[in-house]
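S.K.: Here you go, sequence then predicted model.
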Amino acid sequence: MKTLKINHAAVFVLVLLSQIIGAMWFSPFLFAEKWVMLTGKTMSDFSNAGMTPYFVSIVSSIITTYAIAYLFKKLNVENFISGMFYAFIFWFAFVLVELMTFNSFELRHYGLTWIDAGKSFVTFMVSGFILGMWKKYDVQVEKT
């Protein structure tokens, strides 16, 4: 009998990819200027942030990716299609809806919600694809 296990190598790859996606998403080539404008800050405000945001981002990626991997194991996700389906549900219910609520109460521009949620959407879809495709099993031999 074989049962799904958490693929720690896949989680490690996804944590790295999450950081790359974030760096690209919030780069001048994509959404940096618009995002900074919508936050009401300037680029120089962010230059003094130090390493804390990067540390938080890495720890957050580890926690989120392990949570998705754990849920995929419990849901017995066996392929990338179901992985992306569940990742979409997780993103929609736990990220988009929460960001919409927080940003609405904080009177933030809806564009900020879509930029932030968009980065999470890409990260969740990549996670769903990789965790759904790159499976690891624990093979148990039945004794007779």
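M.R.: Now that the structure is in, tell me what you want to look at. Numbers count the residues shown, from 1 in each chain.

S.K.: can you give me the helices for this structure?
M.R.: With DSSP state H, the ranges of helices along the chain come out as 8-25, 32-39, 43-47, 52-75, 80-91, 97-105, 110-133.

S.K.: between those, which gets the lowest average pLDDT?
M.R.: The weakest mean pLDDT among the helices of the chain belongs to helix 43-47, with a mean of 85.

S.K.: Give me the contact list for that helix.
M.R.: By C-beta atoms under 8 Å, 6 or more residues apart in numbering, the residues outside helix 43-47 that reach it are 32, 36. All C-beta atoms are positioned from the backbone trio N, CA, C, and that covers glycine.

S.K.: and Pro28, how many neighbours does it have?
M.R.: Other residues lying near Pro28 total 9 when counted by other C-beta atoms under 10 Å.

S.K.: Against Lys34, how distant is it?
M.R.: According to C-beta to C-beta, to the nearest Å, Pro28 stands 10 Å off from Lys34.

S.K.: Could you pull up the contacting residues of Ala117?
M.R.: Counting by C-beta under 8 Å, 6+ apart, Ala117 has contacts 91, 95-96, 99-100.

S.K.: Tell me how far it lies from Leu99.
M.R.: Ala117 is 5 Å from Leu99, by C-beta to C-beta.

S.K.: list residues touching both of these two?
M.R.: Counting by C-beta under 8 Å, 6+ apart, Ala117 and Leu99 have no shared contacts at all.

S.K.: So what pairs up with the closest residue to Lys2 other than its chain neighbours in the strands?
M.R.: In space, and not counting its chain neighbours, Lys2 is closest to Tyr137: 4.2 Å by C-beta to C-beta, 6 or more residues apart in numbering. Using DSSP bridges, the beta-bridge partners of Tyr137 come out as Leu4.

S.K.: Identify the residues contacting Tyr137.
M.R.: Neighbouring residues of Tyr137 by C-beta under 8 Å, 6+ apart: 2-5.

S.K.: Now with 10 Å, please.
M.R.: Tyr137 makes contact with 1-5, 7, according to C-beta atoms under 10 Å, 6 or more residues apart in numbering.
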